[in-house]
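Q: sequence unknown, structure follows:
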């Protein structure tokens with residue numbers, strides 16, 4: 001940490017010179033520091049989306065989300081326990097751009113046409129599409145320091161997302177439930193239908209409403225490079241959807257502008273402890289939920305019981321019934337031996353399928369859990385009074 005004076009209010013404060021853009025804790029001015037000549041340059045395109053949620057509201061939203069997923073909504077308050085809730089105002093570079101893609105590929109002919117055309121069983125087709133984005137790229141050097149922040153992009157198409165950036169408007173507008181409409185979004189009630197980008201304010205610490213303000217560690221040049229890489233890969237996968245064999249494709253990007261925006265996010269954890277017979281087969285594990293702090297939308301969440309867990313429960317129950325049927329077959333009637341064999345086969349099949357479901361998870365998600373604990377303390381030190 002080094003002591004510097006603000007170029008606007010001239011107040012001295014401690015700064016980490018590893019940060020790309022520095023923020024004055026007194027007047028909220030953002031500025032760059034030239035390490036060679038010591039010159040300070042004020043950065044004006046810095047905004048913040050006001051945080052409209054608090055811990056109580058986030059807790060209510062999580063319970064409402066769990067009630068919509070649980071088959072017995074009345075038992076959620078008794079079986080689900082929220083263990084931790086933390087909020088952060090995270091910096092993102094928002095790149096406004098237009099992407100135009102032209103593609104050429106082969107499409108297989110229907111079987112009826114193939115009978116009359118021996119020369120080829122494919123048709124060559126061409127096409128193009130154009131899309132506009134406000135692409136968000138994290139301004140933090142470690143994108144895995146917060147759970148769930150690595151793969152927020154969930155496109156409508158059936159695509160495997162392998163990039164960390166996401167389109168701002170479509171991402172922050174999903175996951176809202178009816179009760180979220182009660183979250184205060186802005187001073188003016190007419191702004192309730194506006195997107196998070198539309199309600200942004202020039203950066204001031206007060207708009208975080210108590211959330212820790214994380215610093216900017218990534219340059220705008222690096223953000224532009226990553227954005228180009230993300231959008232090109234995204235459009236490449238979109239082009240492959242239209243054809244069976246992609247021969248050629250070309251994507252042209254037109255960058256309209258770049259801004260720095262602090263976005264509010266909340267991270268909640270909960271534990272599921274069933275009171276039914278399931279408690280004998282279920283091991284409580286802490287699950288994660290991530291929400292955006294503008295309207296309280298659920299961006300990503302882990303279910304308490306997934307298909308793998310259900311398969312293991314089925315395997316244990318079938319194995320127990322198989323043993324019980326085997327004993328009945330010995331003591332009473334041999335027909336129970338057939339039932340025992342059938343149940344044993346089902347138990348083995350369920351166990352095998354559960355092991356298949358437990359394949360290694362995405363590497364980024366695994367890294368998130370490891371690194372999150374080591375960075376939680378560092379995040380608290382960045383909170384500004």
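A: Arrived safely, thanks for sending. Keep in mind it's a predicted model, so treat the numbers as computed, not measured.
Q: ok, then the element right after the helix ranked longest in the chain?
A: Ranked by residue count and defined by DSSP state H, the top helix of the chain is helix 307-331. With elements assigned by DSSP states H and E, the helix or strand that comes after helix 307-331 is helix 335-357.
Q: what about that next one, average pLDDT?
A: Mean pLDDT, computed over helix 335-357, is 82.
Q: could you pull out the strands in the stretch 201-350 of the chain for me?
A: 201-202, 245-272, 286-292, 298-301 (DSSP state E, counting those that start in this stretch).
Q: for residue 301, which non-adjacent residue is spatially closest?
A: In space, not counting the residues next to it along the chain, residue 301 is nearest to residue 289; the distance is 4.1 Å by CB to CB, 6 or more residues apart in numbering. C-beta coordinates here come from the backbone N, C-alpha and C atoms, glycine included.
Q: brain fart, residue 13
A: Nearest non-adjacent residue to residue 13, counting by CB to CB, 6+ apart: residue 25, 5.6 Å away.
Q: okay, now that neighbour: neighbour count?
A: Neighbours of residue 25 under the rule other CB atoms under 10 Å: 14.
Q: now residue 321
A: Applying other CB under 10 Å, I find that residue 321 has 17 neighbouring residues.
Q: for the stretch 51-200 of the chain, which segments count as strands?
A: Ranges of strands in the stretch 51-200 of the chain, per DSSP E, counting those that start in this stretch, are 80-108, 122-138, 166-167.
Q: give me the most central residue, the protein.
A: Computing the C-alpha centroid of the chain and ranking residues by CA atoms, centre = their mean puts residue 152 first, at 2.9 Å.
Q: out of the strands of the stretch 201-350 of the chain, nearest to residue 32?
A: Distance to residue 32, taken as CB to CB, is lowest for strand 245-272 among those, at 11.2 Å.
Q: who does that closest one touch, helix- and strand-wise?
A: Counting contacts by 3 or more CB pairs under 8 Å, 6 or more residues apart in numbering; DSSP states H and E, strand 245-272 is packed against strand 46-48, helix 55-69, strand 80-108, strand 122-138, helix 220-242, strand 286-292.
Q: and those as TSV, adding mean neighbour count?
A: Shown next, in TSV, are the helices and strands packed on strand 245-272 (neighbours: other CB atoms under 10 Å):
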stretch	mean neighbour count
strand 46-48	21
helix 55-69	18
strand 80-108	19
strand 122-138	17
helix 220-242	18
strand 286-292	21
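Q: can you lay out those as CSV showing distance to residue 156 and mean pLDDT?
A: Shown next, in CSV, are the helices and strands packed on strand 245-272 (distance: least, CB to CB, whole Å; pLDDT from 0 to 100):
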stretch, distance to residue 156, mean pLDDT
strand 46-48, 28, 96
helix 55-69, 21, 91
strand 80-108, 16, 94
strand 122-138, 12, 93
helix 220-242, 11, 95
strand 286-292, 19, 94
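Q: can you put these in a markdown table and add distance to residue 300?
A: A markdown table is the format used below for these (distance: least, CB to CB, whole Å):
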| stretch | distance to residue 300 |
| --- | --- |
| strand 46-48 | 22 |
| helix 55-69 | 11 |
| strand 80-108 | 14 |
| strand 122-138 | 15 |
| helix 220-242 | 18 |
| strand 286-292 | 5 |
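Q: before we move on, the earlier item: quick check: the residue nearest to residue 13 vs residue 140, distance?
A: 19 Å (CB to CB, to the nearest Å).
Q: with residue 256 instead?
A: According to CB to CB, residue 256 and residue 140 sit 24 Å apart.
Q: which one's more surrounded, those two?
A: Just comparing residue 256 and residue 140: by other CB under 10 Å the higher neighbour count belongs to residue 140, 19 against 11.
Q: comparing the strands of the stretch 201-350 of the chain, which comes out most buried?
A: strand 286-292 (a mean of 21; mean count of other CB atoms under 10 Å).
Q: hang on, the earlier thing: and of the strands of the stretch 201-350 of the chain, who's closest to residue 68?
A: So among these, strand 298-301 is nearest, using CB to CB, at 9.8 Å.
Q: what's the closest one packed up against?
A: By 3+ CB pairs under 8 Å, 6+ apart, strand 298-301 packs against helix 55-69, strand 286-292.
Q: ok, 10 Å please
A: Applying 3 or more CB pairs under 10 Å, 6 or more residues apart in numbering; DSSP states H and E, one finds that strand 298-301 contacts helix 55-69, strand 245-272, strand 286-292.
Q: in space, what's closest to residue 134 - neighbours in sequence excluded?
A: residue 168 (4.3 Å).
Q: list the contacts for the one you found?
A: Going by CB atoms under 10 Å, 6 or more residues apart in numbering, residue 168 touches 49, 92, 94-96, 133-136, 152, 195-197, 261, 263.
Q: repeat the analysis, applying 6 Å as the threshold.
A: Applying CB atoms under 6 Å, 6 or more residues apart in numbering, we find residue 168 in contact with 94, 134, 136, 197.
Q: next one: phi and psi at the last one?
A: Torsion angles at residue 197 (phi, psi; degrees, to the nearest 10) stand at phi -70, psi -40.
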